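Visitor: Return atomic coordinates for the entry below.
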Amino acid sequence: MKITRVEAIPFAIPYRKPLRFASGEVHTAEHVLVRVHTDDGIVGVAEAPPRPFTYGETQAGIVAVLETVFAPQVVGLSLLERETVHARLSRTVGNPAAKSALDMAIWDALGQSLDVSVTELLGGYTDRMKVSHMLGFDEPAAMVAEAERIRDSYGITTFKVKVGRRPVSLDTAVVRALRERFGTEVDLYVDGNRGWTAAESARAMQEMADLDLLFAEELCPADDVLGRRWLVSRLDIPFIADESAVTPADVTREILAGSATAISIKTARTGFTRSQRTHHLADGLGLEVVMGNQIDGQVGSLCTVAFGASYELTSRRPGELSNFLDMTDDLLAEPLRIADGELVIRPGAGLGAELDPGKLRHYRQDR
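Guide: Numbers count the residues shown, from 1 in each chain. A predicted model of the protein is given here:
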């Protein structure tokens, strides 16, 4: 079970329409497929989605750091030496998606080697999660129509609404239109991606006070320390720390400072090893947890549901598992299926991520 080689394969798949939110927009999934080979002939896989406007990583940067920095540090190690891998990767600052994909590919290879699923290795609580769907910026009628399509096609009844535009009424009108259309049939929460000031956030939340929101997420920057603390103290729903709470230390800081009351775990930026640490910390502190999405493709979504289904806490709320629906294609031989609002983990060992070789040849960018 020794690691013999690490591959970093850049690929690009267009979205059906641009995904727009306060911190940027995405037209094409320019991701990196990571493959970990072992001396037993096992190949573990994972997906690294760079988000330069949030974490500073690019597709080319992920490939470079994996090939020149991280691969030499893990080749020769056993798949069981995950803490050694974690310690070695932690010597290098930043690069969360690159580190996470390598970590998850190792877990996938380990599951295949032991003939158990990654979910069983992690905790084995359930085999599925309810799904929430992200609605990006658009006009109210278009966002309502998108929510109707997603509900009718996939049975999804929880929606994360992107906000953060100015004036705030652009977004509060959307949320109100969604609530008026669906009533109590759906659950709604909002994510600002740090787009508003604390004062704008407070005004927006006041305008939406009667709309029965589940959560508010990253409405204003965490760097506005006093403003964010003031905002959170005024809210009567959980405030989710997402990009401001990447590491367990970040979570501790944000929660103890009164700058958040819930967290988002994204395996795309914390892998399985560090996500475990964050989960255990949140469980000990009694925090609400949402499984987030970094606009992952289907391989990344498999990783998210595998982790989320492992624990009672992370499977309690619907996870953000449907962004791949906005992509024109993907790399899996058998596409993921969301039915009755749920996504089920793949049966078998590891992640169950069988790739389509023809699709990989078509979409890879290095040949």
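
Visitor: For the stretch 201-350 of the chain, just list every one of the strands.
Guide: Along the stretch 201-350 of the chain, the segments classed as strands by DSSP state E, counting those that start in this stretch run 216-217, 239-241, 262-265, 288-291, 319-320, 342-344.

Visitor: I misspoke; the intended subject was the stretch 51-200 of the chain.
Guide: Counting by DSSP E, counting those that start in this stretch, the strands of the stretch 51-200 of the chain are 128-135, 158-162, 187-191.

Visitor: elements contacting the first one?
Guide: Strand 128-135 makes packing contacts with helix 140-154, strand 158-162, helix 298-308, strand 319-320, strand 342-344 when contacts are defined by 3 or more Cβ pairs under 8 Å, 6 or more residues apart in numbering; DSSP states H and E. From N, CA and C alone the C-beta is placed, and that goes for glycine too.

Visitor: Partner strands of that strand, with direction?
Guide: Applying DSSP bridges, strand 128-135 is found paired with strand 158-162 (parallel), strand 319-320 (parallel), strand 342-344 (antiparallel).

Visitor: Need the residues that contact it.
Guide: Contacts of strand 128-135 with the rest of the structure, by Cβ atoms under 8 Å, 6 or more residues apart in numbering, involve 19, 143, 146-147, 150, 154, 156, 158-162, 174, 178, 187, 191, 290-291, 293, 305, 308-309, 315, 317-323, 325, 338, 341-345.

Visitor: can you pull the buried residues of that strand?
Guide: 129-135 (16 or more other Cβ atoms under 10 Å).

Visitor: and it, what's its mean pLDDT?
Guide: For strand 128-135, mean pLDDT rounds to 97.

Visitor: Next: the second one.
Guide: Averaging pLDDT along strand 158-162 gives 98.

Visitor: Is there a quick PyMOL command that grabs whichever of the contacts of strand 128-135 are buried?
Guide: Only the buried entries of those go into this PyMOL selection, using 16+ other Cβ under 10 Å:
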select buried, resi 19+143+146+147+150+154+156+158+159+160+161+162+174+178+187+191+290+291+293+305+308+309+315+317+318+319+320+321+322+323+325+338+341+342+343+345
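
Visitor: And the helices in the stretch 201-350 of the chain, which stretches?
Guide: 225-234, 248-256, 267-270, 273-285, 298-308, 312-315 (DSSP state H, counting those that start in this stretch).

Visitor: from the chain's centre, how far out does the third one sit?
Guide: Taking the mean C-alpha point of helix 267-270 and that of its whole chain, the gap between them comes to 7 Å (Cα atoms, centre = their mean, to the nearest Å).

Visitor: Which elements pack onto it?
Guide: helix 96-114, helix 298-308.

Visitor: ditto for the fourth one
Guide: Contacts of helix 273-285 with other secondary structure elements, assessed using 3+ Cβ pairs under 8 Å, 6+ apart, are made with helix 82-89, helix 96-114, helix 248-256, strand 262-265, helix 312-315.

Visitor: Check the first one too.
Guide: Helices and strands touching helix 225-234, by 3+ Cβ pairs under 8 Å, 6+ apart, are helix 198-207.

Visitor: buried stuff in the helix it packs on?
Guide: 198, 200-205, 207.

Visitor: Turn the residues you listed into a markdown table, columns for distance to T119.
Guide: Listed next are these as a markdown table, based on distance: Cβ to Cβ, whole Å:
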| residue | distance to T119 |
| --- | --- |
| A198 | 39 |
| E200 | 40 |
| S201 | 36 |
| A202 | 40 |
| R203 | 42 |
| A204 | 38 |
| M205 | 36 |
| E207 | 41 |
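
Visitor: For the biggest strand by length in the chain, the averaged confidence score.
Guide: Assignment by DSSP state E gives strand 3-21 as the longest strand of the chain. The average of the pLDDT scores along strand 3-21 is 93.

Visitor: about what we covered before: of all the strands of the stretch 51-200 of the chain, which one is nearest L331?
Guide: L331 lies closest, by Cβ to Cβ, to one member of the strands of the stretch 51-200 of the chain: strand 128-135, at 20.1 Å.

Visitor: same for whichever strand or helix holds E30, what does it pack against?
Guide: Assigned by DSSP states H and E, E30 falls within strand 24-38. Under the contact definition 3+ Cβ pairs under 8 Å, 6+ apart, strand 24-38 sits against strand 3-21, strand 43-48, helix 59-65, helix 96-114.

Visitor: Can you tell me which of these is nearest to T273?
Guide: Comparing the helices and strands packed on strand 24-38 by Cβ to Cβ, helix 96-114 comes nearest, at 5.2 Å.

Visitor: hmm, back to that, need the strands of the stretch 51-200 of the chain in JSON lines (columns: distance to G94).
Guide: Formatted as JSON lines, the strands of the stretch 51-200 of the chain follow (distance: least, Cβ to Cβ, whole Å):
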{"stretch": "strand 128-135", "distance to G94": "25"}
{"stretch": "strand 158-162", "distance to G94": "25"}
{"stretch": "strand 187-191", "distance to G94": "23"}
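
Visitor: Could you pull up the contacting residues of the nearest residue to E207 once chain neighbours are set aside?
Guide: The spatial neighbour of E207 that comes closest, neighbours along the chain excluded (Cβ to Cβ, 6 or more residues apart in numbering), is T172 at 4.3 Å. Counting by Cβ under 8 Å, 6+ apart, T172 touches 163, 204, 207-208.
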